[in-house]
Each structure stands twice: as structure tokens, then as C-alpha cells.
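Student: Pasting the sequence and the predicted model now:
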Amino acid sequence: MGLAKEEARRLIDSLPAQATWDDIMYEFYVKKKLTVALEAAEQGKVVSHEKARKRLLSQ
């Protein structure tokens, strides 16, 4: 079984029995976003808090 499929099963198993499709899809969405963000951070593709703040304030 593939790694993604195993992770999906673990994620679903961790949800309460009354979880809805929306709950499941939200958890998948958050998992994907966090995975992408952590990979970017590991690759050094980050912006300091100060630079981000300046960018937001200059708009």
C-alpha cells in the first residue's frame, strides 16, 4: 500500500465516528497544506516575519 493511502487511512481512523464528508475533506486539505509548507521550509523557501510584514504593509 502506498504511503499516501496509509496516511489517509490513519487520518480517517483518527476522526470521530460521526465525522462528515466535509470533516474528512477538511482534514485532507489541512494535511496537504501543512505537508507543502513543511517541504518549502526544509528547502529554505521561507520569508522572515519582518519581510512578510513589510510586504503586507506596503500594499
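Tutor: Sure thing, it's come through. Nothing here was measured: the structure is a model prediction, and the numbers come from that model. Residues are numbered from 1 along each chain as shown.

Student: Isn't residue 31 up against residue 10?
Tutor: No. The pair residue 31 / residue 10 is not scored as a contact, 10.1 Å apart, by C-beta atoms under 8 Å. Glycine gets a C-beta too; all of them are placed from N, C-alpha and C.

Student: These two: who's more crowded?
Tutor: residue 31 (14 against 9; other C-beta atoms under 10 Å).

Student: how about the nearest residue to the more buried one, chain neighbours excluded?
Tutor: The shortest distance from residue 31 to any non-neighbouring residue, by C-beta to C-beta, 6 or more residues apart in numbering, is to residue 11 (6.3 Å).

Student: Share the number of residues neighbouring the one you found, please.
Tutor: Residues near residue 11, counting by other C-beta under 10 Å, number 14.

Student: What separation is there between residue 55 and residue 21?
Tutor: 37 Å (C-beta to C-beta, to the nearest Å).

Student: meant to ask about residue 30, not that
Tutor: On the measure of C-beta to C-beta, residue 30 and residue 21 end up 15 Å apart.

Student: do you know how far residue 49 is from residue 55?
Tutor: 11 Å.

Student: element containing residue 22, please.
Tutor: helix 21-42 (DSSP states H and E).

Student: Mind listing what's buried along that helix?
Tutor: residue 27 (16 or more other C-beta atoms under 10 Å).

Student: when you give positions from now on, start the count at 55
Tutor: Sure thing, new numbering starts at 55, so read that last one as helix 75-96.

Student: how far does that helix sit from the chain's center?
Tutor: 2 Å (C-alpha atoms, centre = their mean, to the nearest Å).

Student: who touches that helix?
Tutor: 61, 62, 65, 66, 69, 100 (C-beta atoms under 8 Å, 6 or more residues apart in numbering).

Student: Going by neighbour count, which of these comes out on top?
Tutor: residue 62 (16 neighbours).

Student: show me the residues around that residue that make contact.
Tutor: residue 82.

Student: how much space between it and residue 68?
Tutor: 11 Å.

Student: next SSE after the helix holding residue 76?
Tutor: Downstream of helix 75-96, the first helix or strand assigned by DSSP H and E is helix 103-111.
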